[in-house]
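In: give me a model of this one.
(one chain, ligands or ions: 1)
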Amino acid sequence: MKYLFEKGTGRKFILLHGTGGDEYSMVDIAQHLDPQSTILSFRGEINENGMNRFFKRNGLNQFDIPSLEKETDHLLEQITTISDEQGINMDEWIVLGYSNGANIAGHLFLERQTELNKAILLHPMSLGVDSRTEPLKDKKVFLSYGEEDPIVSLDAFKTLENQLGTRGTQITEAHTEAGHQITVKELEQVKKWLSDLE
Ligand code: MLT
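Out: Coordinates of the predicted model:
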């Protein structure tokens, strides 16, 4: 996978963009959250009419589950390899995903055993896969939802929240008055969540 790695002295973020983004799309947000951060930012390998994604879909919110499974394995392998190369433990990372990137990250937390244990999922939704039962008590996840979101329904958001929550994930939730976009206000809430991690 194509990725950008920039070593800093602050928090360590894995960045996963939304549909049509690339490895640069989330960098400003990571720097807003922590100007000194280490950044590992991936480009999704699926090309949908020129737009990068992390897994295939067959229309809006019609997810291709075999592609999702394959790409989730691939992403986890890449994260593991790069972490080894850079001498970074998996539990040091904070995964920061938006939309399609948040969705693959949510799937990874739910459906793979991983030492990754912190995630900021901006405007995610359930992808309808929920096959595991192991506890996720070690995981801390920030979730945001836009009240006017034309893509993510409250039901799809709440389903994801319940999937994570019933297995013990420590969840912090932010609702915005906006749509699918990331707002300054929710990033302020993310900053507070980050400061509470210590
Ligand atoms: C998107 O457009 O990225 C959707 O909101 C989510 C997805 O397709 O994973």
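
In: okay, the residue lying farthest from the centre of the chain: pLDDT?
Out: Each residue of the chain has a distance to the centre, and by C-alpha atoms, centre = their mean the biggest one is for residue 49: 22.7 Å. pLDDT, residue 49: 97.

In: identify the bridge partners of residue 16.
Out: residue 42, residue 97 (DSSP bridges).

In: look up how far residue 137 lies from it.
Out: 23 Å (C-beta to C-beta, to the nearest Å). All C-beta atoms are positioned from the backbone trio N, CA, C, and that covers glycine.

In: with residue 192 instead?
Out: Residue 192 sits at a distance of 22 Å from residue 137 (criterion: C-beta to C-beta).

In: burial count for the nearest residue to residue 64 once chain neighbours are set aside?
Out: The spatially closest residue to residue 64, leaving aside those adjacent along the chain, is residue 56, at 3.8 Å (C-beta to C-beta, 6 or more residues apart in numbering). Residue 56: 17 surrounding residues under other C-beta atoms under 10 Å.

In: residues in contact with the longest helix belonging to the chain?
Out: Using DSSP state H to define each element, the chain has its longest helix at helix 65-86. Contact with helix 65-86 is made by 1, 3, 5, 7, 14, 40, 42, 44-46, 54-56, 89-90, 93, 104, 107-108, 111-112, 114, 116, 127-129, as judged by C-beta atoms under 8 Å, 6 or more residues apart in numbering.

In: return the subset of the residues you listed lying in helices.
Out: Reading helices off the contacts of helix 65-86 with DSSP H, I get 104, 107, 108, 111.

In: unless I'm mixing things up, the third one is touching residue 115, no?
Out: No. Residue 108 sits out of contact with residue 115 when judged by C-beta atoms under 8 Å, with a separation of 11.7 Å.

In: the two - which one has more neighbours?
Out: residue 108 (23 against 12).

In: which residues touch the more buried one?
Out: With C-beta under 8 Å, 6+ apart, residue 108 has these contacts: 72, 75, 76, 95, 114, 116.

In: state the pLDDT value of it.
Out: pLDDT, residue 108: 98.

In: what residues does this protein have near the ligand?
Out: Listed as neighbours of the ligand in the chain under the rule C-beta under 6 Å from any ligand atom: 18, 19, 57, 99, 100, 103, 151.

In: of those residues - the most surrounded one?
Out: residue 103 leads the residues of the chain next to the ligand on contacts (other C-beta under 10 Å) with 30 neighbours.

In: pLDDT at the residue nearest to residue 110 when sequence neighbours are not counted, what is it?
Out: Counting by C-beta to C-beta, 6+ apart, residue 110 lies nearest to residue 163, which is 5.8 Å off, once chain neighbours are set aside. Here the pLDDT value assigned to residue 163 is 98.
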